[in-house]
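Sequence plus the predicted model coming up.
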Amino acid sequence: MTRIQLILIRLLLLALFLGAWEVLPRDGIINPLLLPPFGDVITTLMQLLGRPQVHEAILVTSAEVIVAFVIAVPLGAAIGVALAESDYVGQIFKPLMFYVFSVPKSIFLPMFILIMGIGFQQKVAYAAFSTLFIVIMSATAAVESVKADHVLVARSYGATRMQILTRVYVPSMMPILLETLRISMIFNFTGVMIAEMYASRTGIGHLIANWGENFQLPQLFAGVILLAAVAIAFNETVRLLERRCSTWRT
Amino acid sequence: MQHLANVTQLRPEPARPAIEVAALNHIYDGRDGQVPALENIALTVGVGKFTVIVGPSGCGKTSLLMMMAGLRHQTSGTINIQSRPIDRPDPDRVGVVFQEASLFPWLSALDNIEFPMALRNAPREERRTRATDMLNLVGLQGFGARYPHELSGGMKQRVSIARGLVQDPPVLLMDEPFAALDEQTRMTMGHELLRIWSQTAKTVVFVTHSLTEAVYLADEVLVMSARPGRIIDRITISLPRPRSYEMMGTEVFGRLRERIWQQIRKEG
């Protein structure tokens, strides 16, 4: 199958899906109150995008996601590298990390609210917290993917510690690090959404939760499409970078 | 004047061996206390000579090589390379060629060869020229842009050899470079290595556990015992050079190989 055929088939499936979404509720086969036709959802989305309230929500949510990301990724990466590089620290904390990682982070949300209220900091703190562990685990895996042979080669040619870091560690770890970036963004986004839907006065998550409660399904679906588009766009950008680095992935 | 200075340097008083190892012992801390790994190793390798070290697995031959490269420290004893002790890696004196898969998969063949020069921030054109020369020397013209995963096992080891030679060190240490190759490729590579060696006049120490490879390549074969590693035999290989595949079938070749085999078998 050629690439073009593949793309055509995918587009066809997408068209079928959206067509069904449009036709089935309109013909009353599916209750349009539960599933508004696709065309109505898009119209609603366009209207929403014109509203200042929605603009503000988008800004708040983006800010929360970005700040949480900027905190969680470097912090998690630093902890992960420390765990992988130091036998002593690693032996003590690695099993603990695995235990904590297995616990669903959302059960801690009420504690974050108790301590920090329902403002900006709480969303950021909770999202960063729920992302941190996956970053730590991935960073550890990234360090462990550095081959001892490669470090030895660099040393034999007189590489300094700094050169070993920049010329062996960084390129060796790059494929896993990029993947981590992508996955941690998914966790991060989810964290912000959960926090906003659970208790908040603003943000897209809060709007979506509200629309749901008030049975405003066109708005609800419009919100879902908006979020899905943003999430997919980020994911694909990083995946594109990943693919460029994948030539050396073994 | 510069020229004259160089000429006098080229003729040192009595020519000292390129490599001198004396009274070398190594003990490492194993799980059950201290384990002697190398015992009273003494060897010399003359300038431009090809010495092969053979021995059973785990006899410490790779450790010994790593010590000559300054990558590991011996418990006691001295290692002189070019008349000076070596206590850390010195790419001016020693180039190292490792076992399979030591190339950096994120660099092209040419960039891999340039790597040692890049560490020293050599100018870009100089690096390119030199690396291209090395690529041609090892018979890989036109393959510079390929990445390691696009090269065969033999080609990868050619790149490794080029990388070891790129800074023109007088000594080349090789740690079982052809161990992962199939038999035919291995023979071809051995032959190629001898050609490169004769063109560059390096002093080579080559570690292997293939007896045929040892006899085919060496001026002298050092046989090591099982742990603790000692040198139990030194065999001068007086087969004429250039060596050819036909020599492998000769009686002399067979006798030399047999002598090494007997030594190693006693140890097994």
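Ah, there it is. Predicted, not measured: the structure shown is a model, and the values here were computed from it. Residues are numbered from 1 along each chain as shown, chains lettered A, B, ... in the order given.

When you work out contacts or count neighbours from here on, use the C-alpha atoms and nothing else.
Will do.

For chain A, what lies in contact range of chain B?
A:149-150, A:152-159, A:163, A:171-172, A:247-249 (Cα under 8 Å from any Cα of the partner chain).

Report the separation between the two terminal residues of stretch B:56-66.
Stretch B:56-66 has an end-to-end distance of 17 Å (criterion: Cα to Cα, to the nearest Å).

Just the buried ones from the residues of chain A next to chain B?
A:149-150, A:152-159, A:171-172, A:248 (16 or more other Cα atoms under 10 Å in any protein chain shown).

Can you tell me which of the residues you listed end up in helices?
A:149-150, A:152-156, A:171-172 (DSSP state H).

Tabulate those (CSV), appending pLDDT.
Formatted as CSV, these follow (pLDDT from 0 to 100):
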residue, pLDDT
A:Asp149, 91
A:His150, 95
A:Leu152, 94
A:Val153, 94
A:Ala154, 96
A:Arg155, 95
A:Ser156, 94
A:Pro171, 90
A:Ser172, 91
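
For those, give me JSON lines that also has distance to B:Trp197.
Converted to JSON lines, these look like this (distance: Cα to Cα, whole Å):
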{"residue": "A:Asp149", "distance to B:Trp197": "25"}
{"residue": "A:His150", "distance to B:Trp197": "25"}
{"residue": "A:Leu152", "distance to B:Trp197": "24"}
{"residue": "A:Val153", "distance to B:Trp197": "21"}
{"residue": "A:Ala154", "distance to B:Trp197": "23"}
{"residue": "A:Arg155", "distance to B:Trp197": "24"}
{"residue": "A:Ser156", "distance to B:Trp197": "20"}
{"residue": "A:Pro171", "distance to B:Trp197": "33"}
{"residue": "A:Ser172", "distance to B:Trp197": "32"}
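
Between all of the buried ones among the residues of chain A next to chain B, which two are separated the most?
Pairwise distances across those (Cα to Cα) peak at 24.0 Å, for the pair A:Gly158 and A:Trp248.

Residue ranges in chain A under the pLDDT threshold?
A:245-250 (pLDDT under 70).

Which residues are in contact with the residue nearest the centre of it?
Geometric centre of chain A, nearest residue: A:Ile186, 1.6 Å, by Cα atoms, centre = their mean. For A:Ile186, the contacting residues are A:Ala231, by Cα atoms under 8 Å, 6 or more residues apart in numbering or on different chains.

Next: the one 4 residues further on.
When the contact criterion is Cα under 8 Å, 6+ apart, the partners of A:Thr190 are A:Ala127.

now A:Ala127
Here A:Ala127 is in contact with A:65, A:68, A:187-192, A:195 (Cα under 8 Å, 6+ apart).

rerun that using 6 Å as the cut-off
A:68, A:188, A:191-192 (Cα atoms under 6 Å, 6 or more residues apart in numbering or on different chains).

From the contact counts, what lies against the longest helix along chain A?
Longest helix in chain A, counting residues (DSSP H): helix A:52-85. Applying 3 or more Cα pairs under 6 Å, 6 or more residues apart in numbering or on different chains; DSSP states H and E, we find helix A:52-85 packed against helix A:120-144.

Just the angle for the helix it packs on relative to helix A:52-85, thanks.
40 degrees (axes from the mean of the first three to the mean of the last three Cα atoms, to 10 degrees).

Would you pull up how far helix A:120-144 lies from the middle of the chain?
11 Å (Cα atoms, centre = their mean, to the nearest Å).

so where's the stretch 1-150 of chain B uncertain?
For the stretch 1-150 of chain B, the ranges with pLDDT under 70 are B:1-14.

As a check, name the ranges of all strands in it.
B:19-30, B:33-45, B:50-54, B:76-81, B:84-85, B:94-97 (DSSP state E, counting those that start in this stretch).

again with the stretch 151-268 of chain B
Using DSSP E, counting those that start in this stretch, strands in the stretch 151-268 of chain B cover B:171-175, B:203-208, B:220-224, B:231-236.

Need these in JSON lines (columns: mean pLDDT and mean neighbour count).
What follows is the strands of the stretch 151-268 of chain B, written out as JSON lines (pLDDT from 0 to 100; neighbours: other Cα atoms under 10 Å in any protein chain shown):
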{"stretch": "strand B:171-175", "mean pLDDT": "96", "mean neighbour count": "24"}
{"stretch": "strand B:203-208", "mean pLDDT": "96", "mean neighbour count": "24"}
{"stretch": "strand B:220-224", "mean pLDDT": "94", "mean neighbour count": "23"}
{"stretch": "strand B:231-236", "mean pLDDT": "92", "mean neighbour count": "16"}
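
and of these, who's closest to chain A?
strand B:171-175 (10.7 Å; Cα to the nearest Cα).
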